[in-house]
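Enquirer: Next input, structure requested:
(chains A and B)
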Amino acid sequence: TQLLEQSPQFLSIQEGENLTVYCNSSSVFSSLQWYRQEPGEGPVLLVTVVTGGEVKKLKRLTFQFGDARKDSSLHITAAQPGDTGLYLCARALNFGKGTSLLVTP
Amino acid sequence: NAGVTQTPKFRILKIGQSMTLQCTQDMNHNYMYWYRQDPGMGLKLIYYSVGAGITDKGEVPNGYNVSRSTTEDFPLRLELAAPSQTSVYFCASSLSPRGTGYYEQYFGPGTRLTVT
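Expert: The predicted structure follows:
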């Protein structure tokens, strides 16, 4: 099992702030997925990153894959209460423990 | 398309009872999975299947059994429920990773199980 470390574990911010969450491993990834899980629901796939240095944007969310393909980050611009949830990174069938984000009005 | 559906949504079991968690997908995905999610622990793979008639153990299979008689259905059986099986259970499905080299999973809404 390849260990995926996510940080921070918890994040509480106010609406309008920017934030970045991280997913790291000591192993090289061939690809990495990011999911968002809202309270009481199953995870929903946001994006897959494949190429080292790749940047993908999904509205206010920006995903980056590290050049060495050992780490990834998710940056949210001008966070909204609807962004509240658990953000999980995954490599194949292995998931990190997630970052729990709370955005308050 | 309904995607991945799971029943029941909630269940309380007494120690030693058995039950089956149902999972159905209508996306014609060959691959299906069962995970459990405990607070602060992420998702742990219990069993997975790469097609009808083929199943394999994941990271935490003890106390569970699965079968895959059709492409659509992948039930999870709990025999002799124990308090350690209190968790939220998610079923997921995906296309084969052979084409892309990676897994993009679609999850059901989950079953919240309490064993007392």
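Enquirer: Please count neighbours and contacts with C-alpha atoms only from this point.
Expert: Noted.
Enquirer: so which residue of chain A comes closest to chain B?
Expert: Chain B sits closest to residue A:97 of chain A, with a gap of 4.0 Å, by Cα to the nearest Cα.
Enquirer: Point me to the helix or strand that includes the closest residue to residue A:90 other than its chain neighbours.
Expert: Spatial nearest neighbour of residue A:90, chain neighbours left out: residue A:33 (5.1 Å); criterion: Cα to Cα, 6 or more residues apart in numbering or on different chains. Residue A:33 belongs to strand A:32-37 when elements are defined using DSSP states H and E.
Enquirer: helices and strands around that strand, which ones?
Expert: Secondary-structure packing of strand A:32-37 (3 or more Cα pairs under 8 Å, 6 or more residues apart in numbering or on different chains; DSSP states H and E): strand A:44-49, strand A:85-91.
Enquirer: Need the mean per-residue confidence for the shortest one.
Expert: Model confidence over strand A:44-49 averages 96 on the pLDDT scale.
Enquirer: Now do that strand and strand A:32-37, the angle between them.
Expert: Between strand A:44-49 and strand A:32-37, the angle comes out at 160 degrees (axes from the mean of the first three to the mean of the last three Cα atoms, to 10 degrees).
Enquirer: distance between strand A:44-49 and the chain's centre?
Expert: 9 Å (Cα atoms, centre = their mean, to the nearest Å).
Enquirer: Strand partners (parallel or antiparallel) of it?
Expert: strand A:32-37 (antiparallel) (DSSP bridges).
Enquirer: Next, the angle from the strand it pairs with to strand A:85-91.
Expert: 160 degrees.
Enquirer: Export only the CA atoms of strand A:32-37, formatted as CSV.
Expert: Provided in CSV are the C-alpha atoms of strand A:32-37 (Å, rounded to 0.1, in the frame of the first residue of the first chain):
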residue,chain,number,x,y,z
LEU,A,32,-3.6,10.9,-9.1
GLN,A,33,-7.3,11.6,-8.5
TRP,A,34,-8.9,14.2,-6.3
TYR,A,35,-12.4,13.7,-4.9
ARG,A,36,-14.8,15.8,-2.9
GLN,A,37,-17.1,14.2,-0.3
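Enquirer: Near chain A, which residues of chain B are found?
Expert: Within reach of chain A by Cα under 8 Å from any Cα of the partner chain, chain B has these residues: B:40-45, B:90, B:101-110.
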